[in-house]
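Undergrad: model this:
(chains A and B)
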Amino acid sequence: MLGYFGRRLVYVVVTLWAISIVTFVIINLPPGDYVSTVIANAQAGGVSLTPAEITNLRLRYGLDDPIFVQYWRWISAIVLHGDFGQSFAWNQPVSTLIGERVLLSAILSLSSLLMVWAIAFPIGIYSAVKQYSWGDYGFSFLGFIGMAIPEFMLALILMYIGFRYFGASVGGLFSPEFQDAAWNLGKVLDLAGHLWVPIVVIGVSGTAGMIRVTRANLLDELYRPYVHTARAKGLPEWKLVLKYPVRMSLSPFFSTVGWLLPGLIGGETIVSVVMSLPTGGPLLLSGVMNQDMYLVGSFIMILSVLTVLGTVVSDLALAWWDPRIRKRYKRE
Amino acid sequence: MFLRRPATREVGTLPQWRLMWRQFRRHRLAMAGAAILIPVYFVAIFAEFFAPMSSSTANTSMTYAPPQVVQFSGEHGLHVNGYTTERDPNTYEQRYTEDPTQVIKVGLFVHGDEYKLLGVIPSDIHLIGPVVKGEPFFLLGSDQNGRDLLSRLIHGARVSLSIGLVGVLASFLLGMLIGGVSGYFGGGVDNVVQRIIEFLMAIPTLPLWMALSATLPTDWGPLTRYFAITVLLSLIGWTGLARDVRGRFLSLREEDFVTAARLDGVGRLSIIFRHMIPSFASHIIASLSLAIPAMILGETSLSFLGLGLQAPAVSWGVLLEGAQNVRVVANAPWLLAPGVAVVIVVVAMNFFGDGLRDAADPYGSASRSRRRKSFWRGRAARRASATINTATGR
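TA: Numbers count the residues shown, from 1 in each chain, chains lettered A, B, ... in the order given. Okay, here's the model as predicted:
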């Protein structure tokens, strides 16, 4: 078991290393570099730089060094100092920019995941146990639609309804009167009143997918001989279902735990853009738009690292939950 | 004199594709999906004919005109009502009211904007449109430049629907090739390929798409950009497929018929292409069909954010970009129509793909489970079966 995770960690390190290389390539893909941005900015301000100044700048930022030296400088700053570089557009360190937005992204992804779990598991269990009933068909149909609706569409519809029929501005996080107010109960309630829309929007497609997975997993278990045995021994039907097959089919619950980690930073990009939520997503989009490549690259880097770590966490949770998986790890 | 042919066909066997078709037909939702998709693709192929106008025809005095309803009366025949417009004195917004006194005659197979059907046949016939060319005719309303949304929706279908197909084709080739190599050779090659796939899967999809589309040069033409976006979309798609193909190869390698072919001295390539691939191709195609809707959604999202296709090109995502702001949507809710089209097509494709996957394996577990009785039988039924069991002693 420990050996397995030891090897797993080695893979993780190798993967992270590969991701860092890809990120670096992405950062360097667009034509031009930092100095050409500085030159362009200077020209926009009416100042033109002399060739000597340009050479000086290039020397200072080491842009004429071999590419692997540049890579080394970039990655060592991240690993040793947590320095992700400077955002051109915001003129601030990338880590500060992202740090400001972590809290809200975290709240969003945590609460939408909770919503997904709370809704998807009961419905999934119901759908499997009453396969081909009207309820099952109804939920399946809703689920298919939930998976097919693009998130921004759902956000727009909800905002439209809110705007049209309740006269409320649903976008953003606070009503105008609380925007700059100090924290008090009213502001917290106002936040809660705004937050449920993005949570629902983000949760819907996840819920739909989770219902399908839970249903399919449970259907695989429901007709196993052990279920017959338990029934033959006279266990009440509901207890029987909840105690054995449901327990076996709960693995998607644990394999989604790992999603929380990247969600901490990402905070559903598209929904956040549409609803103008100050999470990481719109920051990423603006970076992409301005070709602010250090910002974009750092985002990719952090998100990938969190995804990789999240997968490991999920696997650990699964092993803790399911003895069969634990056993397989041991064998490997 | 007729001799009776000897009966060579065994009773009760059907060729594989007939079995698949049977299985597919039984999946009612899949049939419904096909019933939606076939006409939609047909319309997309002949978009110029079905759309009342070209995608760029603009009536600049008719911005955000609300949808009209086609009416029929003995006096005017097929017609729609015109608008009277007035400017709001406070906001200078254009306000439209329907005006029953203005009659715009509508005809079938009318002459309108010129086009080349399939890029070859010149024509100006449109399935439906105003009899007098240029009169306002907005069945789904108009957009911010006064262009007919219905026409743009139909033209946009071509890009939105084909991008999934092209993307899936690209992923198919990549996935088959790489997955096949990985599964057939096994060992070190397999290990390397699997690590690469895991690595690609570890990168979050949307941010990666966004980052890569940021690196696309902005001066690329619509067609180049289209293919670049397709490549971006399939960059992620092939990994799942490659894993699937690899798994199949690994299990098929041990099958008797492959061993038999090898003992017969059949060459390696011939074994792969003549024996192994045909035996799982149908399954692969079915699971591919489920990747198309994801790609359509991907394109829509990217274009919606302004990162995918750019304005002169028309796709559903590009159209939805005009509906980004909730205030615009509140004034012109019909701008969300392309989103509705996306949802319908994606749902239909999911159903279709589901049915295809079940049908691809007509002997498999999915088709068996379809016949299985419900788990939660009513109490009466359980008691009944219990009685029977005691009666027969089984």
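
Undergrad: which positions in the stretch 201-350 of chain B make contact with chain A?
TA: Residues of the stretch 201-350 of chain B that fall close to chain A, judged by Cβ under 8 Å from any Cβ of the partner chain: B:202-204, B:206-208, B:210-215, B:217, B:293, B:297, B:300-301, B:304-307, B:320, B:323-324, B:326-327, B:329-330, B:333, B:336, B:339, B:342-343, B:346-347, B:350. (C-beta placed from N, C-alpha, C; glycine too.)

Undergrad: now, of those residues, which are buried?
TA: B:202-204, B:206-208, B:210-215, B:293, B:297, B:300-301, B:304-307, B:320, B:323-324, B:326, B:329, B:333, B:336, B:339, B:342-343, B:346-347, B:350 (16 or more other Cβ atoms under 10 Å in any protein chain shown).

Undergrad: tell me which of those fall in strands.
TA: Of those, none are assigned to strands by DSSP state E.

Undergrad: can you pull the buried residues of the longest helix anywhere in chain A?
TA: Longest helix in chain A, counting residues (DSSP state H): helix A:185-222. The neighbour-count check on helix A:185-222 (16+ other Cβ under 10 Å) flags A:187, A:190-191, A:194-195, A:197-215, A:217-219, A:221-222 as buried.

Undergrad: which positions in the longest helix that chain B contains come out as buried?
TA: The longest helix of chain B (DSSP H) is helix B:149-185. Across helix B:149-185, burial judged by 16+ other Cβ under 10 Å covers B:149-168, B:170-172, B:174-176, B:178-184.

Undergrad: and that helix, what other elements does it pack with?
TA: Counting contacts by 3 or more Cβ pairs under 8 Å, 6 or more residues apart in numbering or on different chains; DSSP states H and E, helix B:149-185 packs against helix B:28-45, helix B:47-50, helix B:187-202, helix B:222-253, helix B:277-289, helix B:291-304, helix B:316-321, helix B:337-360.

Undergrad: and the next helix or strand after the shortest one, which strands flank it?
TA: Right, helix B:47-50. Sequence order places strand B:71-73 as the next helix or strand after helix B:47-50, per DSSP states H and E. Using DSSP bridges, strand B:71-73 pairs in its sheet with strand B:77-87 (antiparallel).

Undergrad: and the following helix or strand past the partner strand, how far out from the chain's middle?
TA: Toward the C-terminal end, the helix or strand that comes next after strand B:77-87 (DSSP H and E) is strand B:94-117. Remark: strand B:94-117 is offset 30 Å from the chain centroid, using Cα atoms, centre = their mean, to the nearest Å.

Undergrad: average pLDDT for strand B:94-117?
TA: Taken as a whole, strand B:94-117 has an average pLDDT of 75.

Undergrad: what angle separates it from helix B:28-45?
TA: Counting by axes from the mean of the first three to the mean of the last three Cα atoms, to 10 degrees, strand B:94-117 lies at 80 degrees to helix B:28-45.

Undergrad: strand B:94-117: which residues count as buried?
TA: By neighbour count with 16+ other Cβ under 10 Å, strand B:94-117 contains the buried residues B:94, B:96, B:103, B:104, B:106, B:110, B:112, B:113, B:115.

Undergrad: who touches the nearest residue to the first one once chain neighbours are set aside in this structure?
TA: Spelled out, that is residue B:94. Excluding the flanking residues, the one nearest residue B:94 by Cβ to Cβ, 6 or more residues apart in numbering or on different chains is residue B:85, at 5.5 Å. Going by Cβ atoms under 8 Å, 6 or more residues apart in numbering or on different chains, residue B:85 touches B:61, B:62, B:94, B:95, B:96.

Undergrad: just give me the closest of those residues to residue B:249.
TA: Nearest to residue B:249 among the contacts of residue B:85: residue B:62, at 58.8 Å, using Cβ to Cβ.

Undergrad: filter the buried residues of helix A:185-222 down to the ones near chain B?
TA: A:219, A:222.

Undergrad: I figured residue A:22 was touching residue B:200, is that so?
TA: No: between residue A:22 and residue B:200 there is no contact under Cβ atoms under 8 Å: 9.3 Å.

Undergrad: residues from the stretch 101-250 of chain A in reach of chain B?
TA: So the stretch 101-250 of chain A meets chain B at A:128-133, A:144-145, A:147-153, A:156-157, A:159-160, A:163-164, A:170-171, A:219, A:222-223, A:237 (Cβ under 8 Å from any Cβ).

Undergrad: of those residues, which belong to helices?
TA: Those of these lying in helices (DSSP H): A:128-129, A:144-145, A:147-148, A:151-153, A:156-157, A:159-160, A:163-164, A:219, A:222, A:237.

Undergrad: narrow those to those that are buried.
TA: A:128-129, A:144-145, A:147-148, A:151-153, A:156-157, A:159-160, A:163, A:219, A:222.

Undergrad: what number of residues lie near the closest residue to chain A within the stretch 51-200 of chain B?
TA: Closest residue of the stretch 51-200 of chain B to chain A, Cβ to the nearest Cβ: residue B:199 (5.3 Å). Other residues near residue B:199 number 20, with proximity taken as other Cβ atoms under 10 Å in any protein chain shown.

Undergrad: surely it meets residue A:19?
TA: Yes: with contact defined as Cβ under 8 Å, residue B:199 counts as touching residue A:19 (7.2 Å).

Undergrad: about what we covered before: which one of the buried ones among the ones in helices among the residues of the stretch 101-250 of chain A next to chain B is nearest residue B:245?
TA: Using Cβ to Cβ, those come closest to residue B:245 at residue A:147, 24.7 Å.

Undergrad: let me know the pLDDT of residue B:392.
TA: In this model, residue B:392 is scored at 33, pLDDT.

Undergrad: ditto for residue A:31
TA: 67.

Undergrad: ok, then the element right after the helix or strand of chain A with the lowest mean pLDDT?
TA: Within chain A, judged by mean pLDDT, DSSP states H and E, the helix or strand with the poorest mean is helix A:260-266; its value is a mean of 66. Once helix A:260-266 ends, the next helix or strand along the chain (criterion: DSSP H and E) is helix A:269-274.

Undergrad: that next one packs against which elements?
TA: Helix A:269-274 packs on helix A:151-165, helix A:185-222, helix A:280-289, helix B:205-214, going by 3+ Cβ pairs under 8 Å, 6+ apart.

Undergrad: now find how far off-centre it is within its chain.
TA: Worked out by Cα atoms, centre = their mean, helix A:269-274 lies 12 Å from the chain centre.

Undergrad: give me the contacts around that helix.
TA: For helix A:269-274, contacts defined as Cβ under 8 Å, 6+ apart pick out A:108, A:150-152, A:155-156, A:159, A:171, A:198, A:201-202, A:277-282, A:284-285, B:206-207, B:210, B:301, B:304-305, B:324.
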